[in-house]
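K.L.:
Mind folding the following:
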Amino acid sequence: MEKKIVFIMLAAALFIGGCNLEKKAVMPSTLSNVSVRTAYSPTEKFSTSGKYAFVTFASDDQGTEVGKIDQRIQTALSKELKKKGYKAGEYSDIRYFVAYNLLVQHEVDVLISKSKTEGKEWISAVVVPNDYVTGALLVQIIDAKSMEPVWLGAFNADMVLTSVSEQEKQERVGYAVHELLKNFPPK
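P.N.:
Next up, the predicted model:
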């Protein structure tokens, strides 16, 4: 009898409170100092569905690491936009263009030491790259008719470079895109 009551109470709590089955995005351990900023045009009437197309640039990077990064970003953006009711379309029937840039800045340490040899003082400097980079993923949504930007998001983070698997790279991009588009379209 007690089990029935507990079950009924649990079912009622789920019914009244709702049940969020969406998987929460977990920040990968190889990211730190994360910040997300977005801005949008207050005059834009954002629809909750529509078609989009990526702004792409001619490139010979297919198959290289740059090409792989490009593919990871497009895949993650497509997945998040699909969750929000948007579909990829042809240029002739789209509502938005989606443009993105990935900016990476390598950090370095300069190690300086002083030494004395045979009565002379020597100063030596060694430049040592850190095992992380500071990166930013910028995503811009552009109205296809007016060609005006209507939404901009920037995801900034420090990223570990050493020993990062392909799966971890995909998780990082997926997390960044999820966090960026969390409040898109604006309400």
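K.L.:
Give the other helices and strands that the top helix by length along the chain contacts.
P.N.:
For the chain, the longest helix by residue count, based on DSSP state H, is helix 65-83. Helix 65-83 sits against strand 50-54, strand 96-117, helix 166-180, with contacts defined as 3 or more C-beta pairs under 8 Å, 6 or more residues apart in numbering; DSSP states H and E. To be clear about C-beta, it is placed using only N, CA and C from the backbone, and glycine gets the same treatment.
K.L.:
tell me the angle it makes with strand 50-54.
P.N.:
170 degrees (axes from the mean of the first three to the mean of the last three C-alpha atoms, to 10 degrees).
K.L.:
Next secondary structure element downstream of helix 65-83?
P.N.:
Next helix or strand after helix 65-83 toward the C-terminus (DSSP states H and E): strand 86-88.
K.L.:
By mean pLDDT, point me to the weakest helix or strand of the chain.
P.N.:
Lowest on mean pLDDT, DSSP states H and E among the helices and strands of the chain sits helix 2-17, with a mean of 43.
K.L.:
so where is the protein shaky, pLDDT-wise?
P.N.:
1-24, 58-63, 107, 129-132 (pLDDT under 70).
K.L.:
what lines up beside the lengthiest strand in it in the sheet?
P.N.:
If you go by DSSP state E, the chain has its longest strand at strand 120-143. Next to strand 120-143 in the sheet, as set by DSSP bridges, lie strand 96-117 (antiparallel), strand 149-160 (antiparallel).
K.L.:
Mean neighbour count and distance to Arg72 for those strands - can I get that in TSV?
P.N.:
Below are those laid out as TSV (neighbours: other C-beta atoms under 10 Å; distance: least, C-beta to C-beta, whole Å):
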stretch	mean neighbour count	distance to Arg72
strand 96-117	12	10
strand 149-160	19	13
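K.L.:
and those strands as TSV, adding distance to Ser35?
P.N.:
Formatted as TSV, the strands paired with strand 120-143 follow (distance: least, C-beta to C-beta, whole Å):
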stretch	distance to Ser35
strand 96-117	14
strand 149-160	5
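K.L.:
so which of the ones you listed gets nearest Asn33?
P.N.:
Across the strands paired with strand 120-143, the minimum distance to Asn33, taken as C-beta to C-beta, is reached by strand 149-160, at 4.6 Å.
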